[in-house]
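>>> sharing a model prediction with you, sequence too.
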Protein chains: 2
Amino acid sequence: MALEHAILVSLSERAGSGYELTRRFEKSIGLFWSATHQQIYRVLKRMEEAGWVAVDVVAQSGRPDKKVYTVSDGGRAELVRWLAEPDPSAGPVELAVKIRGATFGDPAKVAEEIVRHRAHHAERLDVYRQIEKRDFPAPAALTGRHLHQYLVLRGGIRVEEGQVEWFDEVLAALHHPKDAR
Amino acid sequence: MALEHAILVSLSERAGSGYELTRRFEKSIGLFWSATHQQIYRVLKRMEEAGWVAVDVVAQSGRPDKKVYTVSDGGRAELVRWLAEPDPSAGPVELAVKIRGATFGDPAKVAEEIVRHRAHHAERLDVYRQIEKRDFPAPAALTGRHLHQYLVLRGGIRVEEGQVEWFDEVLAALHHPKDAR
DNA sequence: CGTTGCACTGCAACTCGTTGCATAGGATGC
DNA sequence: GCATCCTATGCAACGAGTTGCAGTGCAACG
């Protein structure tokens, strides 16, 4: 999973300890992403071994020592690489991390990835709509089992619609940078 | 996870082998849910031991034997129980399974669960909108890092909006059954 | 003055799910 | 005629993530 990269983005925004990162994932980031402190501590250790982050042990008065993590050159390079790399299996959450981290890499590459995923979701939406037309031509008359199946399909359609609209909003914003006028 | 219950719903609609279930999860159900054959075989075994399903070995000519699974009384009872039980940690996928399986339990109980989740998502949507107003009062002027953070928030808002609208559609349909007029 | 809560890190065991591999016969393709 | 695909099931190993527990030392509640 891309928890490593979510951490890289978060640490790029601001250095912090495992404990702090856990809080962040509970709040701002974690509104759509969850991770326990265990997960974060272990991944942080792995990242340190890989040379993606540097540790700074900070002694505190009245509190346990802190291990403050900072993104190293290796980590920055990895983040740039990951941001530019296409990932067909990425879900909306991974893409959100890429968008949020675009500042630390090449936003144009991130936009290209969004274009690919927009196409994929638009295709799926089309499939759903065809199923809707073919299998449920008169939804108002549905009852029981067929009604329930229809409602689930409607959920899929709404999710995909929302997704595509969001991608369009993101692309419009990324393609017309205000500071380039 | 609720893979067991998704299988119970699928087998309630039609009996089938592990292999067949794998195909179903790839297509109709699996448009929003994925499971490998390994997962399914192992869960099926567990379910058989728990007495939720009954096996019927069918010899075929020119093909390997089939193990056709059918939902037993124990399985039906478990499905009814699960459908009526509130689950605050359920995501949209679990709820979709509950909706699709409503026919095999008490649809009114499922509707109650949807009401609870609708409230939860409406609350979240409200939080997001307040953050939007407070932190990004002039979105058109945003650039760089702040723009990217704003776009992620917009994604969260769109997801929650779509969710709430879907719940409303489901509730409207479940509360006004056509066959009760 | 005892309990609860918070800050901070970590080990150990567990569940859930994926990937790789094995087997075996018939059908389809080149 | 050989390779590949499809049906059909299953084992073994691995990886990601959760839960439970443990320890420390200060601050606040009642």
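That came through fine. Note that the structure is predicted; figures quoted are calculated from it, not measured. Numbering: from 1, shown residues only, chains lettered A, B, ... in the order given.

>>> from now on I want contacts and neighbour counts done on CA atoms only, so please keep to that.
Fine.

>>> do you have the helices of chain A handy? List them.
Taking DSSP state H to define them, one finds helices in chain A at A:3-13, A:18-26, A:37-49, A:73-84, A:92-101, A:107-135, A:144-175.

>>> go ahead and confirm A:Pro86 touches A:Glu113.
Yes: with contact defined as CA atoms under 8 Å, A:Pro86 counts as touching A:Glu113 (5.9 Å).

>>> deepest-packed of the helices of chain A, please.
helix A:92-101 (a mean of 22; mean count of other CA atoms under 10 Å in any protein chain shown).

>>> any bit of that one sitting next to DNA strand D?
No: contact of helix A:92-101 with DNA strand D (CA under 7 Å from any atom of the strand) is absent, the minimum separation being 11.0 Å.

>>> model confidence over that helix, on average?
Per-region confidence: helix A:92-101 scores 94 on mean pLDDT.

>>> that one close to chain B?
Yes: Helix A:92-101 reaches chain B (CA under 8 Å from any CA of the partner chain) through A:96, A:99-101.

>>> now those residues in JSON lines, with distance to B:Glu169?
Below are the residues of helix A:92-101 next to chain B laid out as JSON lines (distance: CA to CA, whole Å):
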{"residue": "A:Ala96", "distance to B:Glu169": "27"}
{"residue": "A:Ile99", "distance to B:Glu169": "31"}
{"residue": "A:Arg100", "distance to B:Glu169": "32"}
{"residue": "A:Gly101", "distance to B:Glu169": "35"}
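
>>> check contacts around A:Val58.
With contact taken as CA atoms under 8 Å, 6 or more residues apart in numbering or on different chains, A:Val58 is in contact with A:65-68.

>>> ok so, going back, lowest-confidence stretch among the helices of chain A?
helix A:18-26 (a mean of 90).

>>> report the inter-axis angle for that helix versus helix A:3-13.
100 degrees (axes from the mean of the first three to the mean of the last three CA atoms, to 10 degrees).

>>> dump helix A:18-26 to CSV, keeping only the CA atoms.
What follows is helix A:18-26, C-alpha atoms only, in CSV (Å, rounded to 0.1, in the frame of the first residue of the first chain):
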residue,chain,number,x,y,z
GLY,A,18,5.3,8.8,15.0
TYR,A,19,2.9,9.9,17.6
GLU,A,20,2.2,13.2,15.9
LEU,A,21,1.7,11.5,12.6
THR,A,22,-0.9,9.2,14.2
ARG,A,23,-2.8,12.3,15.3
ARG,A,24,-2.6,13.8,11.9
PHE,A,25,-3.9,10.6,10.3
GLU,A,26,-6.8,10.7,12.7
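
>>> what packs against it?
helix A:37-49, strand A:63-71 (3 or more CA pairs under 8 Å, 6 or more residues apart in numbering or on different chains; DSSP states H and E).

>>> 7 Å - rerun?
With contacts defined as 3 or more CA pairs under 7 Å, 6 or more residues apart in numbering or on different chains; DSSP states H and E, helix A:18-26 has these neighbours: helix A:37-49.

>>> OK, contacts around the closest residue to A:Val159 other than its chain neighbours?
With CA to CA, 6 or more residues apart in numbering or on different chains as the criterion, A:Val159 has its nearest non-adjacent residue at 6.4 Å, and that residue is B:Gly162. Counting by CA atoms under 7 Å, 6 or more residues apart in numbering or on different chains, B:Gly162 makes contact with A:158-159, A:162.

>>> what's the answer for A:Val152, then?
Contacts of A:Val152 (CA under 7 Å, 6+ apart): B:96, B:99-100.

>>> against DNA strand C, how distant is it?
20 Å (CA to the nearest atom of the strand, to the nearest Å).

>>> and stretch A:76-96, C-alpha only, in CSV?
Presented in CSV, the C-alpha positions along stretch A:76-96 are these (Å, rounded to 0.1, in the frame of the first residue of the first chain):
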residue,chain,number,x,y,z
ARG,A,76,12.3,13.3,-1.7
ALA,A,77,13.6,11.4,-4.7
GLU,A,78,11.2,8.5,-4.0
LEU,A,79,8.3,10.8,-3.6
VAL,A,80,9.0,12.5,-7.0
ARG,A,81,9.3,9.0,-8.6
TRP,A,82,6.1,7.8,-7.1
LEU,A,83,4.2,10.9,-8.0
ALA,A,84,5.2,10.5,-11.7
GLU,A,85,4.6,6.8,-11.9
PRO,A,86,1.3,5.6,-13.3
ASP,A,87,-0.6,3.2,-11.1
PRO,A,88,-3.7,1.6,-12.6
SER,A,89,-4.7,0.0,-9.3
ALA,A,90,-4.7,3.3,-7.4
GLY,A,91,-8.0,4.1,-5.8
PRO,A,92,-9.4,7.6,-5.0
VAL,A,93,-7.6,7.7,-1.7
GLU,A,94,-4.2,7.1,-3.3
LEU,A,95,-5.0,9.7,-6.0
ALA,A,96,-5.9,12.2,-3.2
